[in-house]
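Novice: Next input, structure requested:
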Amino acid sequence: EFVSNAKSGQFFFYSNDGKYMIKTMTNAESKFLRRILPHYFRHCAQNPNTLITRFLGMYRVKLYHLRRNVKFIIMNSVFDTDKSINAFYDLKGSTIGREAKPHQDVKKDNDFRRLKPDSVMPRNLVIR
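Specialist: Just a heads-up that it's a prediction; the model follows:
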């Protein structure tokens with residue numbers, strides 16, 4: 001049994017070579033991604049150097065013995081780089097509850113804002 005450390009309750013896995021990330025999805029996330037897929041594809045085609053995560057496939061596995069479906073997405077891992085990574089940030093674009101606890105290695109939005117006060121990161125991002 002795997003235990004998720006994400007607030008969403010979803011699971012994250014990495015391929016052995018670290019090039020790919022697999023994330024489980026809720027039904028709402030799956031529905032949303034299918035709705036924006038034509039726009040997402042167009043954006044990626046028109047902007048080959050985009051920093052938006054590259055989704056490679058979305059799948060559903062039927063687990064008959066558990067009587068449930070598991071939906072997941074496969075994407076390129078942002079950590080598959082030849083660059084040296086010296087800090088990790090989990091950025092969501094919000095200020096509410098977005099500070100890492102002192103013992104946490106992965107920092108959050110407000111930690112980034114303190115480190116880079118003149119950054120272009122918006123104070124509050126509204127997603128509709």
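Novice: Report the buried residues of the helix or strand containing M75.
Specialist: Using DSSP states H and E, M75 sits within strand 68-76. Using 16 or more other Cβ atoms under 10 Å as the test for burial, strand 68-76 gives K71, F72, I73, I74. Every C-beta, even on glycine, is put in place using the N, C-alpha and C of the backbone.
Novice: That one pairs with which strands?
Specialist: strand 20-25 (antiparallel), strand 55-63 (antiparallel) (DSSP bridges).
Novice: which one of these is the most hemmed in?
Specialist: strand 20-25 (a mean of 18; mean count of other Cβ atoms under 10 Å).
Novice: What segments of this structure are helices?
Specialist: For the chain, helices defined by DSSP state H occupy the ranges 27-46, 109-115.
Novice: For L33, find the nearest of the strands paired with strand 68-76.
Specialist: Proximity to L33 (Cβ to Cβ) singles out strand 55-63 among the strands paired with strand 68-76, at 6.3 Å.
Novice: Packing partners of the helix or strand bottoming out on mean pLDDT in the chain?
Specialist: Lowest mean confidence among the helices and strands of the chain (mean pLDDT, DSSP states H and E): strand 88-90, at a mean of 81. Applying 3 or more Cβ pairs under 8 Å, 6 or more residues apart in numbering; DSSP states H and E, one finds that strand 88-90 makes contact with strand 106-108, helix 109-115.
Novice: List the neighbouring strands of it plus their orientation.
Specialist: When DSSP bridges is applied, strand 88-90 pairs with strand 106-108 (parallel).
Novice: And F11, how close does it get to S94?
Specialist: From F11 across to S94, the span is 22 Å (Cβ to Cβ, to the nearest Å).
Novice: do H39 as well
Specialist: Distance from H39 to S94, by Cβ to Cβ: 23 Å.
Novice: which of the two has more neighbours?
Specialist: S94 (16 against 9; other Cβ atoms under 10 Å).
Novice: Can you give me the pLDDT of the residue lying farthest from the centre of the chain?
Specialist: The C-alpha centroid of the chain is most remote from H65, which lies 29.3 Å away (Cα atoms, centre = their mean). Note on H65: pLDDT of 90.
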